[in-house]
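**Q** just need the structure, nothing else, for what follows:
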Amino acid sequence: ATHPLLLPAARAVPYGKMAAATAGLVQYVVLRGDLARPPRSWPLGAVVAQGCHAALAAVHGYREHPDTGAYLEQGDAMRTVVLEAPDENSLLDLSEILKNKGVDHRLWMENPEGIPTCLALRPYPKNQVQPHLRKFKLLK
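**A** Now for the predicted structure:
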């Protein structure tokens, strides 16, 4: 007989029940907009890489959180919102606010220079974290 814990249906049931509850999950990524503008003028690919690093670091760092697992299970339905912090100070201020509010996130530093470039929250229900991010506009 097959061991009951190895049956695919045993794992699929909780995700099916969570689907409705996790439809509002989103991962917010906040990138410094000044990196792409003079005088820094980073190439687009370098800026995008910062966002990818931060998003992956947040997902990895909070991989045990149920919302992170549920977010990843959404596959093609995952939602990511990329916002712009105008400069280094606004990014650092946001990180401090999130830390004080108990919002799980990762601040990404470009090394070896030690430049804070981006931060990403772990996946959250949108309504739990959107109020802390209202002052940031979509990255353009």
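
**Q** what comes up buried for the strand or helix carrying Ala54?
**A** Assigned by DSSP states H and E, Ala54 belongs to helix 44-61. By neighbour count on 16 or more other CB atoms under 10 Å, the buried set for helix 44-61 is 47, 49-51, 53-55, 57-59. In this view, the C-beta of every residue, glycine as well, is placed from N, C-alpha and C.

**Q** the protein: helices as residue ranges?
**A** 8-21, 44-61, 66-73, 88-101, 126-133 (DSSP state H).

**Q** average pLDDT for the fourth one?
**A** In this case it means helix 88-101. Across helix 88-101, pLDDT averages out at 98.

**Q** so, low pLDDT: which residues of the protein?
**A** Applying pLDDT under 70 to the chain flags the ranges 1-23.

**Q** neighbours around Pro38, how many?
**A** 6 (other CB atoms under 10 Å).

**Q** for it, what are phi and psi?
**A** Backbone torsions for Pro38, taken as degrees, to the nearest 10, come to phi -60, psi 150.

**Q** swap in the one 4 residues further on?
**A** Backbone torsions for Trp42, taken as degrees, to the nearest 10, come to phi -70, psi 150.

**Q** could you report the separation of it from Arg122?
**A** Plainly put, Trp42 is 26 Å away from Arg122 if you go by CB to CB, to the nearest Å.

**Q** more neighbours: which of those two?
**A** Neighbour totals were compared for Trp42 and Arg122, and Arg122 leads with 24 against 17 (other CB under 10 Å).

**Q** my guess is that one contacts Ala57, does it?
**A** No - using CB atoms under 8 Å, Arg122 is not in contact with Ala57; the gap is 9.9 Å.

**Q** now Phe136: phi and psi?
**A** Dihedral angles (degrees, to the nearest 10) for Phe136: phi -100, psi 140.

**Q** what's the answer for Pro86, then?
**A** Torsion angles, degrees, to the nearest 10, at Pro86: phi -60, psi -30.

**Q** who's in contact with the nearest residue to it once chain neighbours are set aside?
**A** Setting aside the residues directly before and after it, Pro86 is nearest to Gly33 in space (CB to CB, 6 or more residues apart in numbering), at 5.7 Å. Counting by CB atoms under 8 Å, 6 or more residues apart in numbering, Gly33 touches 84-87, 139.

**Q** fine by me, thanks again.
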